[in-house]
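Trainee: next come a sequence and a model predicted from it.
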Amino acid sequence: GSQYDKGDAIITLFSGAGGDDAEDFSRILFEMYTKYAARRGYELYLIHENQNDHGGYRNLTFEVRGKLAYGTLKRESGVHRLVRVSPFSAKKLRHTSFSLVEVIPRFERDQTIEILDRDLKVEFSRSSGPGGQNVNKRETAVRVVHLPTGLAAHSDSERLQERNKEKALDILKGKLYKRQEEERVKKEQGMYISKTADIEWGSQIRSYVLHPYKMVKDHRTDVETAKIDDVLNGELDEFIEAELKLG
């Protein structure tokens, strides 16, 4: 494991193509991880949310704090796939949605990833609540973009712009660290780790099927169960234990 396995995790969910269905799937996954965190005694803090009008999320970032949170959750990173009858379809058609889960370690100020000011673009905006109404008139929300890599991070959970900037920078460091780790592993194993941009068929790590039968299956470990309601209620131990054995 890495030196960060002992520490906290920051998780971002990105909805794939598929509009309301995919954004609803991100909500379902967020609730699953919230319940899993509660079972483990972890604390969960929302950092940024981009919500639609149906309670779904275009994207969402939250922090999971607790012993070994990153080490436990890091292998949840990847594309998750949902198959169900769409609640948004009048024709009651079966629909497949994708959501990308990105898990990075939470960085403390003093840790070793260096970011040069000239490599950063910092943007400020007003923090907005669900549906886009402005919660406050001052521009406290912060988005930072790392120009050399195009990686970006967003924070709007703090009341002070400076705190949001610090938090966004911490998240950016985590993303850069994760990218460096992937490059290192790629060199060591001479293999290519799937790029997070491919939120689509064939790249999923886990499928959640609600129709025409019920099953959750992890495609890396072959762990599967018909008890999908339990899984969505945060019973992930079976999956996570098998993931940890992958090393």
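Mentor: Now that the structure is in, tell me what you want to look at.

Trainee: and residue 50, what does it touch?
Mentor: Residues near residue 50 by CB atoms under 8 Å, 6 or more residues apart in numbering: 57, 58, 59, 60. C-betas here are computed from N, CA, C, even on glycine.

Trainee: widest-spaced pair of those residues?
Mentor: Greatest spatial distance in those: 58 and 60, 8.1 Å, computed using CB to CB.

Trainee: identify the contacts common to the two.
Mentor: Joint contacts of residue 58 and residue 60 (CB under 8 Å, 6+ apart) are 26, 50, 51.

Trainee: show the average pLDDT along the host helix or strand of the first one.
Mentor: Same thing as residue 26. Taking DSSP states H and E as the criterion, residue 26 maps to helix 19-40. Mean per-residue pLDDT for helix 19-40: 97.

Trainee: tell me which strands and helices that helix is in contact with?
Mentor: Counting contacts by 3 or more CB pairs under 8 Å, 6 or more residues apart in numbering; DSSP states H and E, helix 19-40 packs against strand 9-15, strand 43-51, strand 57-65, strand 78-85, strand 94-105, helix 228-232.

Trainee: distance to residue 155 for the ones you listed - can I get that in TSV?
Mentor: Shown next, in TSV, are the helices and strands packed on helix 19-40 (distance: least, CB to CB, whole Å):
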stretch	distance to residue 155
strand 9-15	10
strand 43-51	6
strand 57-65	8
strand 78-85	24
strand 94-105	14
helix 228-232	28
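
Trainee: re earlier: and the contacts of residue 50, which are buried?
Mentor: Buried members of the contacts of residue 50, scored by 16 or more other CB atoms under 10 Å, are 57, 59, 60.

Trainee: what is the nearest of these to residue 152?
Mentor: For residue 152, the nearest member of the buried ones among the contacts of residue 50 is residue 59. The distance, counting by CB to CB, is 10.9 Å.

Trainee: any idea how far that closest one lies from residue 232?
Mentor: Distance of residue 59 to residue 232, computed by CB to CB, to the nearest Å: 20 Å.

Trainee: what's the spacing between residue 125 and residue 59?
Mentor: Distance of residue 125 to residue 59, computed by CB to CB: 15 Å.

Trainee: likewise residue 160?
Mentor: Taking CB to CB, one finds residue 160 at 23 Å from residue 59.

Trainee: same deal with residue 96?
Mentor: From residue 96 to residue 59 the distance is 19 Å (CB to CB).

Trainee: next: residue 53.
Mentor: From residue 53 to residue 59 the distance is 15 Å (CB to CB).

Trainee: so which helix or strand of this protein has the lowest pLDDT on average?
Mentor: helix 161-189 (a mean of 85; mean pLDDT, DSSP states H and E).

Trainee: which residues sit in contact with the residue of the chain most remote from its centre?
Mentor: Most distant residue from the mean C-alpha position of the chain: residue 91, 31.0 Å away (CA atoms, centre = their mean). Residue 91 makes no contacts at all, as judged by CB under 8 Å, 6+ apart.
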